[in-house]
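Colleague: Please work out how this folds:
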Amino acid sequence: MDINFNKNEDHNKLLASSLKQKLAKVKLGGGEKRIAKHHSKGKMTARERIDFLLDDPKKAIEIGAFAGDGMYTEHGGCPSGGVVVKIGYVSEKQCIVVANDATVKAGAWFPITGKKNLRAQEIAIENRLPIIYLVDSAGVFLPMQDEIFPDKEHFGRIFRNNAVMSSMGITQIAAVMGSCVAGGAYLPIMSDEALIVENTGSIFLAGSYLVKAAIGESIDNETLGGATTHSEISGVTDYKAKDDADALTKIKNIMDKIGDFDKAGFNRKKSIKPKFDAAELYGILPKKRSDQYDMHEIIKRLVDDSEFEEYKAGYGQTILTGYARIDGWAVGIVANQRKIVKTKKGEMQFGGVIYSDSADKATRFIANCNQKKIPLVFIQDVTGFMVGSKSEHGGIIKDGAKMVSAVSNSVVPKFTVIIGNSYGAGNYAMCGKAYDPRLIFAWPSAELAVMGGTQAAKVLAQIETASLQKKGEQVDEKKEKEVFDKIKARYDAQTSPYYAAARLWTDAIIDPIDTRKWLSMGIEAANHAPIEKDFNLGVIQT
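Modeller: This next block holds a predicted model:
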């Protein structure tokens, strides 16, 4: 290995180590004191509940672990958005589990909590996955009610989705393991089956204090809406459990009886490990995001037996397209090539940039995968589309639009891995979040932005400097540098993969060596949902 490989390896391993440290902190939720208080009530934490429920917690993947990261600091923060979401196996059936974390503001709903719950339901709907809710929440976080209550993508959308999933035949099971109040009380009752835990679980539209204030009735919460009330008097719940473990065991037993699902029929054979060591990804991906490298070397460490059947290898070389298998699943790969390439005409093309011929090739390949019912994997390290008179006269906008149209209208499931740059319209064409990938996740080396930090900071610094000069201020080199550094620091913070993950622009930040696991889990989930419409590219300029 050369010295650059070693430098890259050290840098990327440090990023992976930092990721693990940040995850460990996030997994503490509201902190050790609140966890201890939770345990003192005889309750498991959200993560403990999920681990008890799953057949093997190590075979699960977590969605939105960094949701809320660095947000709501004026309210004490909201680790993981106050809710834990995992895709895993219960009684050998793949499903998605959503558990309120009552150590974070008693499980209250912040705006990001609502967004994360809706993302979990979206995954269930798209993939026809059974969904299990472990409810323990004080309801909407009242200081921010205006940002969580009334809009289309707010709290109420969850109950609408409950109804839609029920009509689609998607299994929903809810266990009330703590508070379940006000509008939130509808979620378990709109599920197929509802359980409630004795002494700790409660369901009511209004608690005892509000009942007293509203109608003058004096009643305690247990009599008002406890386990005995709802299991023996109101009939609201279907099962009464003596404790958390009992409730979770009952869910396992229910899941064990569910029949098989109609499959989409994606091609799968026996999984074969890559010939090349996945740990070498750390050394291949450059430390500097502007450096060149060969995307083929990344792909070789992700696909079965390191075999990649490249499509149109000599044409449109700044995008690689081809067929492979990941953990046995057949996939079509669309990946940005990050090394400078030379065309047959002798022209040089910059790596990571989408040219007209690259977009044209990708469009055709995406159509082929839809024709053959092959899931698509997009590997992003893109700086955008090529600019300049030659590209404009060559119809780059037209060819880019064709690629965006193909991505938008694709009916096979799409999965997006952001390993490096994800800038501007390149993010869109390579199936960014706006284009409905079934899962979208990033490596710690990822950057998401309209353009690179240095470019953007230069533009913004020029604007700010001109504004200062108009006001009559003297702007020397020192002042210019001060303005640039300030803007660059702010912009770099916003391009961080953690900034994106906090806002659920991505589903997760993962260690590169876990990429195969995430893609395999995602395709297996997608196989639950048969394709119900034909691929149609729509009207495009040719």
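
Colleague: got the contact list for the closest residue to residue 27 other than its chain neighbours?
Modeller: Closest residue to residue 27 apart from its sequence neighbours, by Cβ to Cβ, 6 or more residues apart in numbering: residue 47 at 6.2 Å. Yep, even glycine has a C-beta here, placed from its N, CA and C like the rest. The contact partners of residue 47, taken as Cβ atoms under 8 Å, 6 or more residues apart in numbering, are 27, 29, 84, 99, 101.

Colleague: between those, which is closest to residue 368?
Modeller: Nearest to residue 368 among the contacts of residue 47: residue 84, at 39.0 Å, using Cβ to Cβ.

Colleague: next one: the helix or strand hosting the closest one to chain centre, how far?
Modeller: With secondary structure defined by DSSP states H and E, residue 84 is part of strand 83-90. Computed by Cα atoms, centre = their mean, to the nearest Å, the chain-centroid distance of strand 83-90 equals 13 Å.

Colleague: Repeat that for stretch 461-474.
Modeller: With Cα atoms, centre = their mean as the basis, stretch 461-474 stands 41 Å off its chain's centre.

Colleague: can you list contacts of it?
Modeller: Residues outside stretch 461-474 that contact it (Cβ under 8 Å, 6+ apart): 475, 479, 480, 483, 484, 487.

Colleague: do stretch 56-63 as well
Modeller: Identification of contacts with stretch 56-63 by Cβ under 8 Å, 6+ apart yields 50-51, 54, 84-89, 96, 116, 119-120, 123, 507-508, 517-518, 521.

Colleague: still on that earlier bit, isn't there a helix covering the residue nearest to residue 27?
Modeller: Yes: according to DSSP: H, G, I helix; E, B strand; the rest coil, residue 47 belongs to a helix.

Colleague: And it, how far from residue 510?
Modeller: Per Cβ to Cβ, to the nearest Å, residue 47 is found 18 Å from residue 510.

Colleague: what's the answer for residue 448, then?
Modeller: Distance, residue 448 to residue 510, using Cβ to Cβ: 15 Å.

Colleague: Same question for stretch 211-222: list its buried residues.
Modeller: Buried residues in stretch 211-222, counting neighbours by 16 or more other Cβ atoms under 10 Å, are found at 211, 221.

Colleague: Now it - C-alpha only, PDB.
Modeller: Only the C-alpha atoms of stretch 211-222 are listed here, as PDB (Å, rounded to 0.1, in the frame of the first residue of the first chain):
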ATOM      1  CA  VAL A 211     -60.800  16.100  33.500                       C
ATOM      2  CA  LYS A 212     -61.200  17.900  36.900                       C
ATOM      3  CA  ALA A 213     -60.600  21.300  35.200                       C
ATOM      4  CA  ALA A 214     -62.900  20.600  32.300                       C
ATOM      5  CA  ILE A 215     -65.900  18.800  33.900                       C
ATOM      6  CA  GLY A 216     -65.300  18.800  37.600                       C
ATOM      7  CA  GLU A 217     -64.900  15.100  37.900                       C
ATOM      8  CA  SER A 218     -62.400  13.800  40.400                       C
ATOM      9  CA  ILE A 219     -60.700  10.500  39.300                       C
ATOM     10  CA  ASP A 220     -57.200   9.000  39.400                       C
ATOM     11  CA  ASN A 221     -55.400   8.100  36.200                       C
ATOM     12  CA  GLU A 222     -55.400   4.400  36.700                       C
END
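
Colleague: please renumber so the chain begins at 257
Modeller: That works, and once the first residue is 257, the last one we named lands at stretch 467-478.

Colleague: right, and the secondary structure at residue 636 would be what?
Modeller: strand.

Colleague: That one pairs with what?
Modeller: Beta-bridge partners for residue 636, by DSSP bridges, are residue 674.

Colleague: Cross-check the contact I'm expecting between it and residue 671.
Modeller: No: using Cβ atoms under 8 Å, residue 636 is not in contact with residue 671, being 11.2 Å away.

Colleague: of those two, who's got more company?
Modeller: Between residue 636 and residue 671, counting by other Cβ atoms under 10 Å, residue 636 is the more crowded of the two (27 against 22).
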